[in-house]
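Colleague: Quick one: sequence and predicted model below, then my questions.
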Amino acid sequence: MKRIVTLALAFLSLSTGVLAEVVQINTPGSSLVMQADKGKKLKHLYYGTRITDSDAANLKAAGAALLNAYPDYGVDPSVEPAIAVEHADGNMTLDLVVDGIESREENDASVTVIRLRDKAYPFFVNVCYRTYPGLEIVETWTEISHSEKKTVRLNRFASGYLPIRYGDVWITSFYGSWANEAQIQCEPLAHGMKVIKDRDGVRNSASARSEIVFSLDGKPAEDNGRLIGAALCYSGNYRLIVDASPDKNYHHFIAGIDETQSSYSLRPKETFTTPVLALSYTDKGLGQLSRSFHRWGRDKKMLHADKLRDVLLNSWEGVYFDIKENEMDQMMADIASMGGELFVMDDGWFGVKYPRNGDKQGLGDWTVDTRKLPAGIPGLLDAARRHGIKFGIWIEPEMVNIGSELYENHPEYVIKAPNRDLTYGRGKTQMVLDLSNPKVQDIVFTVVDTLLTRYPDIAYIKWDANMPIRNHGSQYLSADNQSHLFIDYHRGLEKTLRRIRAKYPDIVIQACASGGARVNYGLLPWFDEFWTSDNTDALQRIYIQWGTSCFYPAIAMASHISAAPNHQTGRSMNLKFRTDVAMSGRLGMEIQPRNMSPEERDQCRRAIEEYKTHLRPIVQHGDLYRLLSPFDRLGAASLMYATPEKDRAVFFWWKTEAFCHKQYPRVKMAGLDPDRNYKVTEMNRIDLKPLAFEGKSFSGRYLMDKGLEMPLSHNAPSADEWASRVLLLTAE
Ligand code: DGJ
């Protein structure tokens, strides 16, 4: 029997235990175990429910397949590699073996680094793991370096690898498009190769998300079953590969930067750090997996999640590019009168030589257009002060139009391949600035810095990005480093955001990208929230927000009440339904309030008041329980949030089909304490007659076993087919 020396026995049960040969990375409920014998390949032994040290020591005997934990290309070229390189001398192979193990405490995290080195070349890979007390996430990434004589070309450089045991494995992934983001695809894992990727270059989450769920016990359920969730935290091009080769007992999951035309020339002594791949295991179903990611997301990944978000009005769907000082003032007055706390002026406020009256010009010239706003931003800030609310502003600092002073003076700053024409995006005139260029990084920093030093009262920035990289070429990078463009763009972006955050740690910044094209944990360390979708249609939002909720918490999901008929779908839905959907995320408005009737405004005022007083802390800081999926097409959808103490909860129920005499399932609640009684109060009530259960109390046990019967329509003058209900549950 092998001798096992525990290096980290002093750690509590939440910590990382490092044994001399068996490395066990623990979260409260899971263990990731590797065999790390010095001079030998690093082997994956186990990922699943937390196990004891003695079980960990016997995993080989129990039949662990001993697959390489970070498969390298070369010694067995048939294996799908996590890393593949071309050495300075042209050798295409790697043979990485364990050189050492280190563990350290880093702020509130435990980090374990398994050092690998090539048997014949001075080429090194650190395989790193990070865990946090109380959180069910293992973060993994690699640090790649060498001291060969010349550059080594990295052809593949994944963040992590995980074998998934063959069985009734299903995968859940998220695809979409503009205004239809985060659609759920759930399918049995078939033989062959499944690739999920996005190559937008700038934004990466509209067409496919960099998150995946493996369900090990067949089709995933919300409240049971063994699941592994993975989220690649990266804002650039990525690729998730699931190689389900028929000749092995394991599927192979590899996640990292997409290397297509992006091989990287690594200089001697330079370290290439791959993005974090966040993993989570649960045996309690998709709901628990989501809650694990949400908690980690709020605690470790996104900014200011301990603070509740303001209720805001954004000007876009209200006035689009038609910014006028008096209308900004009127919108501020209106949102203030409805109880809102913040007004955000969207696109259209800037451009002197090239006024931004549409999407064809002006990007790059962030000077206020005083024809539209004679009193400038100080005037708007004064107005906000007068109305007792905060003020925020829209920018798209990574982009430029051909009609802009910036482009006129610096055509060399845009992304463009040599000997090729310029390619345009939005408005057929938009281009992407080359953030691999430090001068461009300075320009982007300065856009924010100038606004915030001149107008320190600006409380919120909506940071938009509406174009992909359409033309692979950097006018800054050298000819032999053109393949670095996609990676260096995001390094430049990260550097700029880090600089902004170092100087402005408190400002609230929203990540917007043609709606939800930048929903990714790779960006959230610098942002407070994202714009979930440009589609504000309440019905379609139920689906988009549902898909997004699988990995992201409600506090990050901007969700706005907009006009009827909806500007994207043309569908008209009653104000209560629109409000009830928006209230299940970070509530805001996206409308010209002047066009609302006094009754509608009053209805919104009451809803905002209830949201702020009762719902906001539960929705934004509570635990999510998804109850009835819209994707199951049963005619309704339902979810709820409960505080971690289970003393308050809010239940949402929306009809998703307007069919006559349809039968609807009764929805069981979740996340309550079975032994406590909860008083039911309807929120955003429009009914003339209270619901039968209004003010009554029910035990958590009853509510979770049976639930309450939802009326299918509203007993109110404005009632129509799109019924919805929001119930506040308060423990007695
Ligand atoms: C795209 C965004 O998603 C919208 O919300 C809006 O800000 C427009 N850009 C403005 O051009």
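Modeller: Great, that's in hand.

Colleague: What is the neighbour count of the residue of the stretch 251-400 of the chain found nearest the ligand?
Modeller: When distances are taken as Cβ to the nearest ligand atom, the stretch 251-400 of the chain reaches nearest to the ligand at Asp347, 3.5 Å away. (C-beta placed from N, C-alpha, C; glycine too.) Using other Cβ atoms under 10 Å, the number of residues around Asp347 comes to 22.

Colleague: Test my guess that it contacts Gly427.
Modeller: No - judged on Cβ atoms under 8 Å, Asp347 makes no contact with Gly427 at a distance of 11.3 Å.

Colleague: Mutual contacts of these two, please.
Modeller: Counting by Cβ atoms under 8 Å, 6 or more residues apart in numbering, the shared contacts of Asp347 and Gly427 are Asp359.

Colleague: can you map out the strands along the stretch 401-550 of the chain?
Modeller: Taking DSSP state E, counting those that start in this stretch as the criterion, the stretch 401-550 of the chain carries its strands at 430-432, 458-463, 508-511, 529-531.

Colleague: for these, which one sits closest to the ligand?
Modeller: For the ligand, the closest of these is strand 529-531, at 5.5 Å, according to Cβ to the nearest ligand atom.

Colleague: So the closest one, near the ligand or not?
Modeller: Yes - using Cβ under 6 Å from any ligand atom, a contact is recorded between strand 529-531 and the ligand, made by Trp531.

Colleague: Counting by contacts, list what that strand packs against.
Modeller: Here strand 529-531 is seen to pack against strand 508-511, strand 557-562 when contacts are counted using 3 or more Cβ pairs under 8 Å, 6 or more residues apart in numbering; DSSP states H and E.

Colleague: and that strand, how far out from the chain's middle?
Modeller: 9 Å (Cα atoms, centre = their mean, to the nearest Å).

Colleague: what's in contact with it?
Modeller: Contacts of strand 529-531 with the rest of the structure, by Cβ under 8 Å, 6+ apart, involve 302, 309, 462, 508, 510-513, 515-516, 518-519, 524, 552, 555-558, 586.

Colleague: average model confidence for stretch 625-642?
Modeller: For stretch 625-642, the mean pLDDT works out to 97.

Colleague: Stretch 114-128 too?
Modeller: Throughout stretch 114-128, pLDDT has a mean value of 98.

Colleague: and what of stretch 285-304?
Modeller: Over the span of stretch 285-304, the pLDDT mean works out to 98.

Colleague: three-state assignment of the nearest residue to the residue of the stretch 251-400 of the chain closest to the ligand once chain neighbours are set aside?
Modeller: In this structure, Asp347 finds its nearest non-sequential neighbour in Trp394, 5.3 Å apart by Cβ to Cβ, 6 or more residues apart in numbering. Trp394 carries the three-state label strand when classified by DSSP: H, G, I helix; E, B strand; the rest coil.

Colleague: Count the neighbours of Thr446 for me.
Modeller: Neighbour count for Thr446, taken as other Cβ under 10 Å: 14.

Colleague: Let me see the contact set for it.
Modeller: Thr446 is in contact with no residue at all, counting by Cβ under 8 Å, 6+ apart.

Colleague: Also Gly48?
Modeller: Shown in contact with Gly48 (Cβ under 8 Å, 6+ apart): 30-31, 226, 281, 283.

Colleague: What residues of the longest helix along the chain count as buried?
Modeller: Secondary structure of the chain per DSSP state H: the longest helix is helix 485-503. Across helix 485-503, burial judged by 16 or more other Cβ atoms under 10 Å covers 485-490, 492-497, 499-501.

Colleague: Fine by me, we can end here.
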